[in-house]
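# No letters, just coordinates:
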């Protein structure tokens, strides 16, 4: 087992321990906002020990007891650029959520979209030791993968088993208990640039918080926004965030591809700011209140008053206090088209055209722009919809919008985690020292 896998396994233990204690914090660390939820797990609601089957059928019940959001500072494209500002933002939202929940948290499950994520699908197969597949056979198969060679110096964020092949039968998500001769497995390996997660972890440590897991934001958004048939038959989820746009492709309930485009809602805001020579805050305001994608006959006469963004004061330092809505749309649309073109290229790389059911679901804050749906249909056809995350018990109605799909997906992941490669017992081929460590760890886990 590689050091990377050992680290992930220790982090997974922290997640299980936090759930067992009954309280877990969630953090969505984005370029435009940082959101925090605190989940409360009832007593007697813990996950069972290892089963011979992969997926637990029981979802862990929970309730949201604390909520807080604030504007991000020190984050760009999902990465830490000013650690002190990020620390202050995290500390503030966590304190606010803890105050609402009347409790404290020690560990947090986070999601983020930075690090230039890359998706690699890798395959190995091995002969079965017995005729009936068990978890031990999967562990033996996983020992054949050279994950570090595929990662090529990048940090592994996810190693998801997505497709088991037993002899000639493909498309299996859980082969345990089935009979066969040869077992094969496709794994989707998501890697990110080195130190991106480490910088976030340092900020958490300075806030006296432990890391209980890190999730790719587009994956989390998809878990909250895609419905059952979309997850089963094949769909893409486009998470339009502030600093980037995430792309994830699902089939048979598994994420088979994940990537991101380094353009998001903040780039649209920046274009508006430069076009009309106004502040970023004012550009964000008029984008939110008056933005759109499709120009109508009335938009030429629909004038938008520009203000300084401070207490609604009128701007007096340049000649044009008004712009028409058609002018605003003419600035927004080209950037949005560029984003969709980049998304289309990523979908092609991810094999979207080969999905049984080609559906695309848009989520994230920037997906709320009026007219995006019509523009997306021009690019991708009629199988497009604007998604909203599923409802979560205890979460205020105001936080059920698309901009909160990632953190709601985190709650779902905590309740019903997907298997990762490090969740299996991988045989060690090292010497006596490693075997002694394994024995000590087994005693700690079982006694």
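Looks like it arrived, so ask away. Note that the structure is predicted; figures quoted are calculated from it, not measured. Residues are numbered from 1 along each chain as shown.
# For the stretch 151-300 of the chain, give me the ranges with low pLDDT.
For the stretch 151-300 of the chain, no stretch is flagged by pLDDT under 70.
# Helices along that one, start to end?
For the stretch 151-300 of the chain, applying DSSP state H, counting those that start in this stretch gives helices covering 196-206, 217-225, 228-233, 265-276, 280-290.
# Give me whichever of those helices is most buried.
Stretch with highest mean neighbour count among the helices of the stretch 151-300 of the chain: helix 217-225 (a mean of 30; mean count of other CB atoms under 10 Å). In this view, the C-beta of every residue, glycine as well, is placed from N, C-alpha and C.
# chain center to that helix: distance?
Put simply, helix 217-225 sits 5 Å off its chain's centre (CA atoms, centre = their mean, to the nearest Å).
# Going forward, count from 21.
Sure, I'll start counting at 21 from here, so that last one is helix 237-245.
# So which elements touch that helix?
Packed against helix 237-245 by the contact rule (3 or more CB pairs under 8 Å, 6 or more residues apart in numbering; DSSP states H and E) you find strand 127-132, strand 255-260, strand 265-271, strand 274-281, strand 379-383, helix 425-435.
# winner for burial among these?
Each of the helices and strands packed on helix 237-245 was scored by mean neighbour count; the highest is strand 255-260, a mean of 29, by mean count of other CB under 10 Å.
# That strand: how far from the chain's middle?
Strand 255-260 sits 11 Å away from the centroid of its parent chain (CA atoms, centre = their mean).
# And it, what does it pack against?
Under the contact definition 3+ CB pairs under 8 Å, 6+ apart, strand 255-260 sits against helix 237-245, strand 265-271, helix 345-369, strand 379-383.
# can you list the helices and strands packed on helix 237-245 in CSV and add distance to residue 294?
Output for the helices and strands packed on helix 237-245, formatted as CSV (distance: least, CB to CB, whole Å):
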stretch, distance to residue 294
strand 127-132, 27
strand 255-260, 20
strand 265-271, 20
strand 274-281, 20
strand 379-383, 25
helix 425-435, 28
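# So which of these is nearest residue 225?
Closest to residue 225 of these, according to CB to CB: strand 127-132, at 11.2 Å.
# so which of the helices and strands packed on helix 237-245 comes closest to residue 356?
Nearest to residue 356 among those is strand 255-260; the distance by CB to CB comes to 9.2 Å.
# and the closest one with helix 285-296, angle?
On the basis of axes from the mean of the first three to the mean of the last three CA atoms, to 10 degrees, strand 255-260 is oriented at 40 degrees to helix 285-296.
# Run the angle between strand 255-260 and strand 274-281 for me.
With the same axes, to 10 degrees defining the directions, strand 255-260 sits at 30 degrees from strand 274-281.
# Report the strands that pair with strand 255-260, each with its relative direction.
Strands that pair with strand 255-260, judged by DSSP bridges, come out as strand 265-271 (antiparallel), strand 379-383 (parallel).
# and the longest one, how far from the chain's centre?
Relative to the chain's own centre, strand 265-271 is displaced by 10 Å; criterion: CA atoms, centre = their mean.
# relative to helix 345-369, how tilted is it?
Interaxial angle, strand 265-271 versus helix 345-369 (the same axes, to 10 degrees): 40 degrees.
# what's next to strand 265-271, contact-wise?
For strand 265-271, the surrounding residues in contact (CB atoms under 8 Å, 6 or more residues apart in numbering) are 133, 236-239, 241-242, 246, 250-259, 275-281, 283-284, 359, 362-363, 366-367, 370-372, 375-376, 384, 386.
# what sits against residue 412?
Going by CB under 8 Å, 6+ apart, residue 412 touches 84, 420, 428, 431.
# my guess is the second one meets residue 409, correct?
In this case it means residue 420. Yes. Using CB atoms under 8 Å, residue 420 makes contact with residue 409 at a distance of 6.4 Å.
# which neighbours do those two share?
Here residue 420 and residue 409 have residue 428 as joint contacts, going by CB under 8 Å, 6+ apart.
# quick one: which of these two has more around it?
residue 409 (26 against 17; other CB atoms under 10 Å).
# Just confirm the more buried one contacts residue 247, I think it does.
No. Look at residue 409 against residue 247 with CB under 8 Å: they stay out of range, at 11.2 Å.
# Which segments of the protein make up each domain?
Annotated domains of the chain cover 23-136+215-284+357-436, 138-210, 285-350 [automatic domain parsing].
# measure the longest one end to end?
Length of domain 23-136+215-284+357-436, first residue to last, CA to CA, to the nearest Å: 26 Å.
# ditto for the shortest one
For domain 285-350, the first-to-last residue distance is 15 Å (CA to CA).
# Any idea what residue 192 is bridged to?
On the basis of DSSP bridges, residue 192 is bridged to residue 184.
# hang on, it packs against residue 198?
Yes. Counting by CB under 8 Å, residue 192 touches residue 198, with 7.5 Å between them.
# Which one of the two is surrounded by more residues?
The residue with more neighbours, out of residue 192 and residue 198, is residue 192; 18 against 15, by other CB under 10 Å.
# Tell me how far that one lies from residue 185.
Separation of residue 192 from residue 185 (CB to CB, to the nearest Å): 7 Å.
# do the same with residue 58
41 Å.
# more neighbours, the two?
Neighbours were counted for residue 58 and for residue 185 using other CB under 10 Å; residue 58 has more, 25 against 18.
# Quick check: mean pLDDT of whichever helix or strand the more buried one is part of?
Assessed by DSSP states H and E, residue 58 sits inside strand 53-60. Averaged across strand 53-60, pLDDT comes to 96.
# Quick one: list the elements packing against the helix or strand that it is followed by.
With elements assigned by DSSP H and E, the helix or strand that comes after strand 53-60 is strand 83-91. If contacts are counted by 3+ CB pairs under 8 Å, 6+ apart, strand 83-91 sits against strand 53-60, helix 103-121.
# CSV please, covering those and showing distance to residue 203.
Below are the helices and strands packed on strand 83-91 laid out as CSV (distance: least, CB to CB, whole Å):
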stretch, distance to residue 203
strand 53-60, 36
helix 103-121, 43
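# now, of these, which is deepest in the fold?
Highest mean neighbour count of these: strand 53-60, a mean of 25 (counted as mean count of other CB under 10 Å).
# Show me what that one packs onto, helices and strands only.
With contacts taken as 3+ CB pairs under 8 Å, 6+ apart, strand 53-60 sits against strand 43-49, strand 83-91, helix 103-121, helix 425-435.
# Which one, of the ones you listed, ends up nearest to residue 147?
Residue 147 lies closest to helix 425-435 among the helices and strands packed on strand 53-60, at 33.8 Å (CB to CB).
# hmm, who's touching that closest one?
Residues outside helix 425-435 that contact it (CB under 8 Å, 6+ apart): 35, 39, 44, 46-48, 50, 55, 57, 59, 79-82, 84, 129-131, 233, 235, 237-245, 259, 261, 383-384, 407-410, 412, 415, 420.
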